[in-house]
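> One predicted model, sequence on top.
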Amino acid sequence: MFRKPTLVAATIITMLSASSALAKMSADEVSRLGKDLTPIGAEKAANKDGSIPEWTGGITTPPAGYEVGMHHPDPYADDKVLLTIDKSNLDQHKDLLSPGQIALFETYPDTFKMHIYPTRRSAAYPDFVYDATKKYALTAELIEGGNGIKNTAIGIPFPIPKNGLEAIWNHLLRFRGLSISRNGGQAMPTESGDYNMIGFDEQLLVKYSDPSTTPEELQKSNILFKFKQAVTEPARLAGTALLVHETMDQILTPRQAWTYNTGQRRVRRAPNVAYDAPGTASDSLRTTDDFDMFNGSPNRYDWKLVGKKEMYIPYNSYKLHSDSLKYDDILKPGHINPEHVRYEKHRVWVVEANLKEGTRHIYKKRVFYIDEDSWQIHVADLYDNRDQMYRVAMAHGINYYEVPTHWSTLDVYYDLNSRRYLAIGLDNEEDMYDFSQSFNDNEFTQGALRREGRR
């Protein structure tokens, strides 16, 4: 039996009360951005013992030898492992781990381990994201119930969050590029390690991040982003396709979604592509709102900003991202191969979501650990209706330095009951993400979805 979630008091840096839920940023707080705080609100300074260094801007230019289209060479390839956590020394490091990470050691005591490397604060975004963050910090606000957002565009809406909803919207709206094409796939190994690949072709058009947009234009269109996904393999699933229009005001218009089924050869509305509906071809190992660690409407949960702590999280995962690896090198029984995984100590915001009375979801509680430098959720602890640890998710991020943006190269969802996991975003044997696309709205219509499924 897994222990219930706790946070060691000594690790909490900041505690924010529920009374701050309606408070807005002040002009004095905004003036700190780019000074003692980074342009998106992280603490710029090193921590007390220097194990987390000062943020000096992250990686803003590609390293020598990099060409667009390559799998990204590791700028920290010469770093050595500082320590390895395994079952023999786990107790010494629990204060820097989440309850879910600890549960992975308990579930796989003989094979799961974490290699800890020097902390590299590599996260960076374009200057127009920083400028917009500061420009709209005083006006950004949540709509009723936190189920939407207004008076903001392009940047991080709440660089100094006052509550859990603001922090989770920072994750939802963090910069990931403007118009992105990516190929890759997912695998769900059995307990013995056998797996089949599910291939995807995905396209993303992020209206919110367009540097020419305004809050007024976003409010008028009510679209944050458009997403299209087609299954490319195996043959029995190839052609199945999904289209999502994510809205800015989810009270006015909830998420719009459509699917194309090759057997029926027709596009259908898909109102169930939300919440805890099983993710596409995931063998029910993740929910729809697990995708990208959390997505969609937050309206089924009460959100609490617990505070900030130092924690070991997957980061600068260039080794795991490398095209020198095959999928067989990564996918092992129980969990991905720990020899290819890099963990670092970073400061994270801790956000707790508790299921509202009268609503349903397979997760009664979710605890998210959000990197202060990027607003990317890097770890999620997911609890069932018995208050037991159910699943643990980890996002293995890198700086895609040609953009630049900090984004996950692989998301892994561990199901502790079935002793299986889902690895989504596998691209080691595929072409690299293309951030230079120029998609338009005509490519994210029902007709385009039908064409995507038939080709």
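Cool, got the structure. As the structure is a prediction and not an experimental result, all values here were calculated from the model.

> How confident was the prediction at the most far-flung residue of the chain relative to its centre?
For the chain, the largest distance from the centre (CA atoms, centre = their mean) belongs to residue 264, which lies 33.2 Å off. Each residue has a pLDDT score; the one for residue 264 is 77.

> Same question for residue 30.
Per the predicted model, pLDDT is 96 at residue 30.

> Looks to me like it is in a helix.
Yes. With the criterion set as DSSP: H, G, I helix; E, B strand; the rest coil, the secondary structure at residue 30 is a helix.

> ok, which stretches of the stretch 201-350 of the chain are strands?
223-233, 241-247, 256-261, 266-269, 301-314, 343-355 (DSSP state E, counting those that start in this stretch).

> who wins for proximity to residue 397 among those?
With distances scored as CB to CB, the stretch of the strands of the stretch 201-350 of the chain nearest to residue 397 is strand 301-314 (6.8 Å). Any C-beta I mention is one placed from the backbone N, CA and C, and that applies to glycine too.

> quick one, what contacts the residue farthest from the centre of the chain?
Residue 264 makes contact with no residue, according to CB atoms under 8 Å, 6 or more residues apart in numbering.

> try residue 408
By CB under 8 Å, 6+ apart, the contact list for residue 408 reads 292-293, 376, 395-398, 425.

> following the host helix or strand of residue 407, which helix or strand comes up?
Secondary structure assigned from DSSP states H and E places residue 407 in strand 405-415. Sequence-wise, the next helix or strand downstream of strand 405-415 (DSSP H and E) is strand 420-426.

> list the contacts for residue 153?
Counting by CB under 8 Å, 6+ apart, residue 153 touches 132, 136, 208, 213-215, 217-218.

> same thing with residue 114?
With contacts defined as CB under 8 Å, 6+ apart, the neighbours of residue 114 are 84-86, 101, 312, 338, 341, 343.

> quick one: which of the contacts of residue 153 is nearest residue 118?
Among these, residue 132 lies closest to residue 118 (CB to CB), at 31.7 Å.

> quick one, phi/psi of the residue farthest from the centre of the chain?
According to degrees, to the nearest 10, the main-chain angles of residue 264 amount to phi -90, psi -20.

> Which one of the contacts of residue 114 sits in the busiest neighbourhood?
The most crowded member of the contacts of residue 114, judged by other CB atoms under 10 Å, is residue 343 (30 neighbours).

> Residue ranges in the stretch 351-455 of the chain under the pLDDT threshold?
Confidence mapping of the stretch 351-455 of the chain against pLDDT under 70 gives the ranges 453-455.

> residue ranges for the helices of the chain, please.
The residue ranges that make up the helices of the chain, judged by DSSP state H, are 27-31, 99-107, 127-136, 164-172, 215-221, 318-321, 327-330, 446-454.

> Return the most buried member of the ones you listed.
Among those, helix 164-172 has the highest mean neighbour count (mean count of other CB atoms under 10 Å), at a mean of 24.

> re the thing from before, got the strands of the stretch 201-350 of the chain as CSV, with distance to residue 286 columns?
What follows is those, written out as CSV (distance: least, CB to CB, whole Å):
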stretch, distance to residue 286
strand 223-233, 14
strand 241-247, 14
strand 256-261, 16
strand 266-269, 22
strand 301-314, 17
strand 343-355, 16
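
> now for the ones you listed, which one comes closest to residue 28?
Across the strands of the stretch 201-350 of the chain, the minimum distance to residue 28, taken as CB to CB, is reached by strand 301-314, at 19.7 Å.
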